[in-house]
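Undergrad: Quick one, what's the 3D model for this:
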Amino acid sequence: RYIAVVGTTTLDFSIVDTANVIVGTSNVIIDNFATSLYRSAKYIISVSNSGLTQYQTTEILLVHDGTTPYQQETSVFSGASALMTFSATITGGNVLLQGTGANTGNSVKVRKVYITV
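TA: Residues are numbered from 1 along each chain as shown. Predicted coordinates:
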């Protein structure tokens, strides 16, 4: 990965990949970050269910004002409906991105980009 920086530009972001997580039908925290450190995040989420031979990719843009998180989501899935749904909340000074599976045995991988406050 290459980033060209000209002049005195400062780039304040980080990119993180998470390990594979197995998610069922209960609400699970997919990610969390401190509201004091980051203002926004972008997620690319890959969900697969080998038992159902179904797949989903979701992109989420998330921003918060310190009290309320706001998100925009785009999903593409191979079955009749999404394998997972996502929501965000703020609790204890942290933004929580949560996911709920429509079925058991969903395998979830996440790439996330954070941008500082």
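Undergrad: Could you find the closest non-adjacent residue to the most centrally placed residue in the chain?
TA: Centroid-nearest residue in the chain: Y43, 3.8 Å away (criterion: C-alpha atoms, centre = their mean). Distances taken as C-beta to C-beta, 6 or more residues apart in numbering place I60 nearest to Y43, at 4.3 Å, with adjacent residues excluded. For glycine as for every other residue, the C-beta is placed from the backbone atoms N, C-alpha and C.
Undergrad: now swap in T100 and tell me
TA: N27 (4.9 Å).
Undergrad: which residues touch that neighbour?
TA: Contacts for N27 (C-beta atoms under 8 Å, 6 or more residues apart in numbering) come out as 98-100.
Undergrad: and T91, how many neighbours?
TA: 8 (other C-beta atoms under 10 Å).
Undergrad: Show me what it is bridged to.
TA: Judged by DSSP bridges, the bridge partners of T91 are N94.
Undergrad: Spell out the residue ranges of the strands in this protein.
TA: 13-17, 21-23, 27-34, 38-49, 54-64, 69-77, 84-91, 94-101, 106-116 (DSSP state E).
Undergrad: Identify the residues contacting the fifth one?
TA: Strand 54-64 has contacts (C-beta under 8 Å, 6+ apart) with 35, 39-49, 69-79, 82-84, 86, 88, 90, 95, 97.
Undergrad: What's the PyMOL syntax to select whichever of the residues you listed are buried?
TA: Typed into PyMOL, the line below selects the buried ones among the contacts of strand 54-64, using 16 or more other C-beta atoms under 10 Å:
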select buried, resi 35+39+40+41+42+43+45+47+48+49+69+71+73+75+77+82+83+84+86+88+90+95+97
